[in-house]
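S.K.: when you get a sec, could you give me coordinates for this:
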Amino acid sequence: MEIKYKVWIEHDGKQVFGEGIYNLLRLVERYGSINRAAQAQNMSYRQAWGKIKVIEKRLGIKLLERHKGGEYGGGAVLTEKAKEIMKRYGELIDKIDEHIKEWSRGGNERGLPG
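M.R.: The predicted model follows:
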């Protein structure tokens, strides 16, 4: 048996943060580029930028600082607020994972399928 879950944060009934945007922002942080992050997620730049803009609007904060291209190309970096949200979301997921592992071990001790 395996436990599956998804965690997202809502405000006024609309998703403001979840696994998809978390993963996209992690890739932007890694590559310093929305375009490269989008490619790694098998999506277009336009789709990635659209997702980011929607979440920024719902949160009421900027998640990225963009630098327009030039001789060496443009780039993007996470704002401090984005880093804070990413950290807190990551900690939440880690804690949930820990609880699920504990529960699973307990289930196996009780003879439940695992």
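S.K.: ok, the most centrally placed residue in the chain - contacts?
M.R.: Centroid-nearest residue in the chain: Y22, 0.5 Å away (criterion: CA atoms, centre = their mean). Shown in contact with Y22 (CB atoms under 8 Å, 6 or more residues apart in numbering): M86, Y89, G90. Any C-beta I mention is one placed from the backbone N, CA and C, and that applies to glycine too.
S.K.: list the buried residues for the helix or strand harbouring it?
M.R.: Per DSSP states H and E, Y22 falls inside helix 19-31. By 16 or more other CB atoms under 10 Å, the buried positions in helix 19-31 come out as I21, Y22, L24, L25, L27, V28, E29, Y31.
S.K.: for stretch 80-87, same thing?
M.R.: Those would be A82, I85, M86, for stretch 80-87 by 16+ other CB under 10 Å.
S.K.: do stretch 88-107 as well
M.R.: Y89.
S.K.: name the residues that touch it?
M.R.: M1, I3, Y5, V7, I9, F17, Y22, G114.
S.K.: now the third one: which helix or strand?
M.R.: Counting by DSSP H and E, there is no helix or strand that carries Y5.
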